[in-house]
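Asks: Have a look at this prediction, sequence included:
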Amino acid sequence: MQDIILWTPFVFSLIVGLVSAAIVRKSLNQTMGIPTWDFSRSWASNISVVGGLVTLSALAFIPAKTETQLITRSAYAILLFVFPLLAALAPLIYNFSRHISKDTSNPPMIIAVGRAYMFIVASVFTMWASVGQLALQGLMLDELRRAGVLQSGFAELVELVLALIGLGLLFYGGKSVVETVRIQEDSTPSPARFANLSLGETHVQSWTLL
């Protein structure tokens, strides 16, 4: 069960990433700016982090002497660490494709940019983290139902809602990936026009993490 919770979200996220890459295949080498985190807009990253706190709190409702039935408590602890870690690694993965160059302005400005294909790879990790966290919360709800903490009908209803949110997240995630790449592609003016200073770097138009 632990392997299913860990790897099934990855498979679905990878499929979404491959479909997105196929749609924008002509722009995979397109340069992009620097990812930024925005609580109001970085919805997938927020789910993976906040969802971990919710699952951890829910685990406390099961008596310490009662062993969880679907996966062990230690497995829950590992997954609660893994999914937020995947979300945190996503922008770092994107940064692997960054390179430094100069624009043609006077005086020249240093520009740090990444590539669209690595943005899609990073997005796969972000969706993997968020969908996995939703699956883990569904598993925890079933544990609470089995332990008699939650009424069966209510637990099953919330599990269904989480499943629908997960499917919606994958759909909207793929749509967001495509639109973000296309927005960067349409930014035809020179990078200097969109340049701004952040942590000592000057870079092209930035975009918000999923």
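Replies: That came through fine. Numbers count the residues shown, from 1 in each chain.
Asks: Which secondary structure state does Phe125 sit in?
Replies: helix (DSSP: H, G, I helix; E, B strand; the rest coil).
Asks: Distance of it relative to Ile23?
Replies: 19 Å (Cβ to Cβ, to the nearest Å). (Glycine included, C-beta is placed from N, CA and C.)
Asks: which of these two has more neighbours?
Replies: Neighbour count, other Cβ atoms under 10 Å: between Phe125 and Ile23, Phe125 has more, with 26 against 15.
Asks: I'd like to know how many residues surround the closest residue to that one other than its chain neighbours.
Replies: Among residues not flanking Phe125 along the chain, Ala90 sits closest, at 4.3 Å (Cβ to Cβ, 6 or more residues apart in numbering). Neighbourhood size, Ala90 [other Cβ under 10 Å]: 25.
Asks: Need the pLDDT of Ala90.
Replies: Confidence at Ala90, expressed as pLDDT, is 83.
Asks: just the one 4 residues further on next, same as before
Replies: Turning to Tyr94, the model gives it a pLDDT of 83.
Asks: Same check on Gly51?
Replies: pLDDT for Gly51: 66.
Asks: Then Leu86?
Replies: 88.
Asks: quick one: contacts for it?
Replies: By Cβ atoms under 8 Å, 6 or more residues apart in numbering, the contact set of Leu86 is Ser48, Phe125, Thr126, Trp128, Ala129, Gly132.
Asks: The last one belongs to a helix, doesn't it?
Replies: Yes - residue assignment for Gly132, taken from three-state DSSP, places it within a helix.
Asks: what's the neighbour count on it?
Replies: 27.
Asks: Am I right that it is in contact with Leu85?
Replies: No - contact criterion Cβ atoms under 8 Å: Gly132 and Leu85 do not qualify, at 10.9 Å.
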